[in-house]
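J.: I would like the atomic coordinates for the input below:
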Amino acid sequence: MTTLVGALSLAWTCSFAFAAAFASFSEPGTNRPIVLGVRLSGVLALAVGVLTVIILQRHQAYQQYAAEVVEELRQCVFPDRDETRSDSIVVIIFSVIIGGVLWVFDYASGAFTSFLYDLL
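T.: Okay, here's the model as predicted:
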């Protein structure tokens, strides 16, 4: 399962990279939809993901690593609902405070810059 998630994440990331590469380095219209609106970059990204799954499933070292990761995640203690809620409230309040401080600095620097331009 972890291999499949990793391969899908790789394919998703590769689709953006391939689309950007097609846009930058190829002739216009090369990355056009092939079938059902799927672009060539998406097909290449899916191929990279499938090949990654096939290659990784054949390596014993990767299978052992994936099993160890799953075992470590089973040992993790995740926060309960109340702890998550209180931590989220702290983060939201802190973000609002920092946003306000940044707004004040932005407003002050804009006013100072306008003042300097008016002097010139």
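
J.: burial count for S41?
T.: 21 (other Cβ atoms under 10 Å). C-beta: built from backbone N, CA, C; applies to glycine.

J.: apologies, that question was intended for A17.
T.: 13.

J.: so what pLDDT did it get?
T.: On pLDDT, A17 comes in at 77.

J.: what about it, which helix or strand?
T.: Here A17, judged by DSSP states H and E, is contained in helix 2-25.

J.: tell me what that helix is packed against?
T.: helix 40-57, helix 60-75 (3 or more Cβ pairs under 8 Å, 6 or more residues apart in numbering; DSSP states H and E).

J.: can you mark which positions in the shortest one are buried?
T.: Of the residues in helix 60-75, those buried under the neighbour-count criterion (16 or more other Cβ atoms under 10 Å) are A66.

J.: now that helix against helix 2-25, angle please.
T.: 110 degrees (axes from the mean of the first three to the mean of the last three Cα atoms, to 10 degrees).

J.: with the first one instead?
T.: Between helix 40-57 and helix 2-25, the angle comes out at 150 degrees (the same axes, to 10 degrees).
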